[in-house]
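**Q** how does the following fold in three dimensions:
(4 chains)
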There are 2 protein chains.
Amino acid sequence: MKKLSIVDIANHLNVSKTTVSFILNGRAQEKRIGKELVERVQKFVDEVGYKPNSLAKSLRTGKSNIIGLMVEDISNPFFAAIARLIEDRAYKNGYKIIYCSTDNDTLKTRELINMFRDRHVDGYIIAPPEGIEDDINSLLKDGMPVVLFDRHLPNVSTDFVEIDNLFSTYNATKHLIQQGYKNIAFITFASGQTQMQARLQGYHNALNESGYKPVVQEIIFNQNEDLIIGPLTTFLKKNKNLDAVFFGTNHVGTCGLKVINSLGIKVPSDLALVSFDDYDVFKLFSPPVTAIAQPIEAIADSVITVLLNKLNTSSQHISSQSIILKTDFNIRGSSKKPIN
Amino acid sequence: MKKLSIVDIANHLNVSKTTVSFILNGRAQEKRIGKELVERVQKFVDEVGYKPNSLAKSLRTGKSNIIGLMVEDISNPFFAAIARLIEDRAYKNGYKIIYCSTDNDTLKTRELINMFRDRHVDGYIIAPPEGIEDDINSLLKDGMPVVLFDRHLPNVSTDFVEIDNLFSTYNATKHLIQQGYKNIAFITFASGQTQMQARLQGYHNALNESGYKPVVQEIIFNQNEDLIIGPLTTFLKKNKNLDAVFFGTNHVGTCGLKVINSLGIKVPSDLALVSFDDYDVFKLFSPPVTAIAQPIEAIADSVITVLLNKLNTSSQHISSQSIILKTDFNIRGSSKKPIN
DNA sequence: AAATGCCATTAAATCGATTTATTTGACTAT
DNA sequence: ATAGTCAAATAAATCGATTTAATGGCATTT
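**A** Residues are numbered from 1 along each chain as shown, chains lettered A, B, ... in the order given. Presented below is the predicted three-dimensional model:
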């Protein structure tokens, strides 16, 4: 009852395994193998449900039909949703996904890249942490297809998919200003990543145009949520003059909501809120939080499309492309700053 | 600059690849290979950073060091969190994870199991849909380690990790009754899965003890959230006499919250809420939702511990174990039904 | 009739490791 | 002197596929 190999098939049919292999790989015509032989082999293979051992196949061909997907944290709803969509599309195209969470940790990411490399994944989809430039360039030098998303690396020239971060925060901040808010803080994780810098820049640009003073609070990321909530609480307690707060990522946003809840701050009468990323938490929070929604389907679709293209066309000649997607701005809660 | 193979190493050192292999696999002593030779090989291997090709290794040994993880939906926070924890523990023990979402779809799950099998995963962690019994029994027959979680399959005798579903809903329902609520509905997805049946039973048991009439609403699951929200809205509009609602899963819970929000129902004055699974959405929702919290870390820990045990001890003699974990009951919002 | 070309198929090499079986030389026991 | 033991290392088989190079048979060309 053990698994059949191609040799078993060949022996049973009194043909060579070469013939079986050619037939199974659709090269029967090319190799002009007799029509009835093809049918006989095909029939028997179907009958016993023989499947080639993919390890042996990968070893020989160098292809694994596996895509390595590295997100920041699979338990973050944004990344989970993207992973889910990419997974679906990949399966439909005959690819499997190995995924992992980088935690934005350069060392961990480096190990994971080596692990993927070792498993001979055919392509890489990465939300890269800073400091991983050399490793990715090394992948590229070896001809591996790599698509970055959510952010990119200035010194790495490969395809990437991003959203228009700068405009998104610029636009949202502008909106707050038009509503009459003047003391608008921007709270985010300390990070030099491109998307974070762009978001920050958008905020600054909008404030500059209005001549208001920017108030930026950078929180050190920590796995332990208490170490995020602590500094946040301190900050909000100290800056009572704020009339609006902009959260730069969904994680900061949910932590921020917890703090605001526990401090008994009223939204938006005490404080108006805007957060990056829109999902269940923000839609349900009462009163609702205005949010910038990333086009998750479009991101996943673009990423996998670009990668599949690179995988199918062994094209060294196509230069790398950057895809920038638009976000939606979902305004919720009262629309005007109440007059004091 | 291409990758080195064991032959390259052997040639360069003028030894046989057998020797290199023995040394690299820690069998030098057993094979009494000379001490200086061992050091010479070790040093060179470190120097050039040689890593054995894991495909070839897997092909020969039959082991892949990969664990297949099948959850219901990786974008569901409960499963995402579990997956994340399992992933961490697995990596620490030298295993990688290939994961996928079953959607509770038997056919899709069957295909995925075959895919895992084909990739020679060493062990399986599955939140199984109904109807997949035969496939899993077939895995077991072939000696594959399988651990189920979140639910189990009555006709499959293998290890599983669950929570005490029946007691959890019994206890929570009891609590509602003690608070003075009389018309308590239970809303859940239509499913014959063990955990769902147990939750329903707990609810029934509590109501029976009090002599109140159960009101159960089963929603047909659908990927399209609108097709869940629709029936939910209809149900809540029709049953104005309800004073409490119990959501049987987190997904039903979040959908339910959306409906309650859009209908303008006040919680808990109009309607008290209890939901299975506790996470950000419920903690932040204002007024907060009382929830049954699953011990996510303990679940992930138990699952991976059991599986690693099975992987390490090639023990056919250890009979399968069932682990039942306790839940936490997080009471939020007002504690008494207001007197009308 | 020998040489050439084409067909249909297959033997053998290959991918990169592990593992079994064998070799070689030194030393010991009979 | 001969067989037997042992240490140290290696040759060769193996895992299960793909792929290159080779084969024998037949028809056609010169």
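**Q** neighbours of the nearest residue to residue A:129 once chain neighbours are set aside, how many?
**A** Nearest in space to residue A:129, with sequence neighbours left out and distances taken as C-beta to C-beta, 6 or more residues apart in numbering or on different chains, is residue A:104 at 4.3 Å. Glycine gets a C-beta too; all of them are placed from N, C-alpha and C. Number of residues near residue A:104 (other C-beta atoms under 10 Å in any protein chain shown) recorded here: 19.
**Q** distance check, residue A:104 against residue B:278.
**A** When distance is defined by C-beta to C-beta, to the nearest Å, residue A:104 is 27 Å away from residue B:278.
**Q** related to what we said a few turns ago, what distance do you get for the residue nearest to residue A:129 to DNA strand C?
**A** Applying C-beta to the nearest atom of the strand, to the nearest Å, the value for residue A:104 to DNA strand C is 31 Å.
**Q** quick check, that residue in contact with residue A:220.
**A** No: counting by C-beta atoms under 8 Å, no contact exists between residue A:104 and residue A:220, whose distance comes to 11.8 Å.
**Q** surely residue A:50 is within a strand?
**A** No: using DSSP: H, G, I helix; E, B strand; the rest coil, the secondary structure at residue A:50 is coil, not a strand.
**Q** list the contacts for it?
**A** By C-beta atoms under 8 Å, 6 or more residues apart in numbering or on different chains, the residues touching residue A:50 are A:4, A:6, A:9, A:44.
**Q** need the residues you listed in JSON lines with pLDDT, secondary structure and distance to DNA strand C, can you?
**A** Below are these laid out as JSON lines (pLDDT from 0 to 100; DSSP: H, G, I helix; E, B strand; the rest coil; distance: C-beta to the nearest atom of the strand, whole Å):
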{"residue": "A:4", "pLDDT": "92", "secondary structure": "coil", "distance to DNA strand C": "17"}
{"residue": "A:6", "pLDDT": "95", "secondary structure": "helix", "distance to DNA strand C": "10"}
{"residue": "A:9", "pLDDT": "94", "secondary structure": "helix", "distance to DNA strand C": "12"}
{"residue": "A:44", "pLDDT": "95", "secondary structure": "helix", "distance to DNA strand C": "14"}
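**Q** of those residues, which ones also sit close to chain B?
**A** Counting by C-beta under 8 Å from any C-beta of the partner chain, the subset of the contacts of residue A:50 that neighbours chain B is empty.
**Q** buried subset of those residues, written for PyMOL?
**A** Remark: buried members of these, expressed as a PyMOL selection using 16 or more other C-beta atoms under 10 Å in any protein chain shown:
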select buried, chain A and resi 6+9
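**Q** name the residues of chain A found near chain B, please.
**A** Those residues of chain A that sit near chain B, judged by C-beta under 8 Å from any C-beta, are A:51, A:53-56, A:58-59, A:64, A:73-75, A:77, A:80-81, A:83-84, A:87, A:91, A:96-101, A:114-115, A:118-120, A:254, A:257-258, A:261, A:280-281, A:283-286.
**Q** list only buried entries from those.
**A** Among these, those that count as buried by neighbour count (16+ other C-beta under 10 Å) are A:53-55, A:58-59, A:64, A:73-75, A:77, A:80-81, A:83-84, A:87, A:91, A:96-101, A:115, A:118-120, A:254, A:257-258, A:261, A:280-281, A:283-286.
**Q** by mean pLDDT, which helix or strand of chain A comes out lowest?
**A** Least confident helix or strand, chain A: helix A:280-284 with a mean of 76, by mean pLDDT, DSSP states H and E.
**Q** stretch A:151-167 - what's its average pLDDT?
**A** Throughout stretch A:151-167, pLDDT has a mean value of 97.
**Q** just the residues of chain A next to chain B: which are in helices?
**A** The members of those that map onto helices under DSSP state H are A:54-56, A:58-59, A:77, A:80-81, A:83-84, A:87, A:91, A:114-115, A:118, A:254, A:257-258, A:261, A:280-281, A:283-284.
**Q** out of those, which are close to DNA strand C?
**A** If you filter those for contact with DNA strand C, counting by C-beta under 7 Å from any atom of the strand, you are left with A:56, A:59.
**Q** mean confidence for stretch A:267-275?
**A** Taken as a whole, stretch A:267-275 has an average pLDDT of 90.
**Q** could you export that stretch as PDB, CA atoms only?
**A** The C-alpha trace of stretch A:267-275 is given here as PDB (Å, rounded to 0.1, in the frame of the first residue of the first chain):
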ATOM      1  CA  VAL A 267     -14.900  61.100  20.600                       C
ATOM      2  CA  PRO A 268     -15.200  63.400  18.800                       C
ATOM      3  CA  SER A 269     -16.300  66.100  21.200                       C
ATOM      4  CA  ASP A 270     -13.200  66.000  23.300                       C
ATOM      5  CA  LEU A 271     -10.900  64.600  20.600                       C
ATOM      6  CA  ALA A 272     -11.400  63.800  16.900                       C
ATOM      7  CA  LEU A 273      -9.800  60.700  15.600                       C
ATOM      8  CA  VAL A 274      -8.400  59.500  12.300                       C
ATOM      9  CA  SER A 275      -6.600  56.300  11.900                       C
END
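**Q** what parts of chain A come near DNA strand D?
**A** Listed as neighbours of DNA strand D in chain A under the rule C-beta under 7 Å from any atom of the strand: A:3-7, A:17-18, A:21-22, A:24-25, A:51-53, A:56-57, A:59-61.
**Q** repeat that with 6 Å
**A** Of all the residues in chain A, those in contact range of DNA strand D (C-beta under 6 Å from any atom of the strand) are A:5-6, A:17-18, A:21-22, A:24-25, A:52-53, A:56-57, A:59-61.
**Q** and the gap between the residue of the stretch 101-250 of chain A found nearest chain B and residue B:55?
**A** The shortest separation between the stretch 101-250 of chain A and chain B is 5.2 Å, found at residue A:118 (distances taken as C-beta to the nearest C-beta). For residue A:118, the distance to residue B:55 under the criterion C-beta to C-beta works out to 9 Å.
**Q** next: residue A:184.
**A** 54 Å.
**Q** in this structure residue A:329 contacts residue A:176, no?
**A** No: applying C-beta under 8 Å as the test, residue A:329 and residue A:176 come out as separate, 11.2 Å apart.
**Q** tell me which of these two has more neighbours.
**A** residue A:176 (25 against 15).
**Q** show me what contacts that one?
**A** Shown here is residue A:176, whose contacts under the criterion C-beta under 8 Å, 6+ apart are A:184, A:244, A:246, A:272, A:274.
**Q** shaky segments in the stretch 201-340 of chain A?
**A** Low-confidence regions of the stretch 201-340 of chain A, defined here as pLDDT under 70, cover residues A:286, A:314-318, A:334-340.
**Q** pull the number of nearby residues for the nearest residue to residue A:105 once chain neighbours are set aside.
**A** Sequence neighbours aside, residue A:129 is the residue nearest to residue A:105 in space, at 6.5 Å (criterion: C-beta to C-beta, 6+ apart). By other C-beta under 10 Å, the residues close to residue A:129 number 21.
**Q** tell me the residues on the stretch 51-200 of chain A that lie near DNA strand C, please.
**A** Proximity of the stretch 51-200 of chain A to DNA strand C is confined to A:59-60 under the rule C-beta under 6 Å from any atom of the strand.
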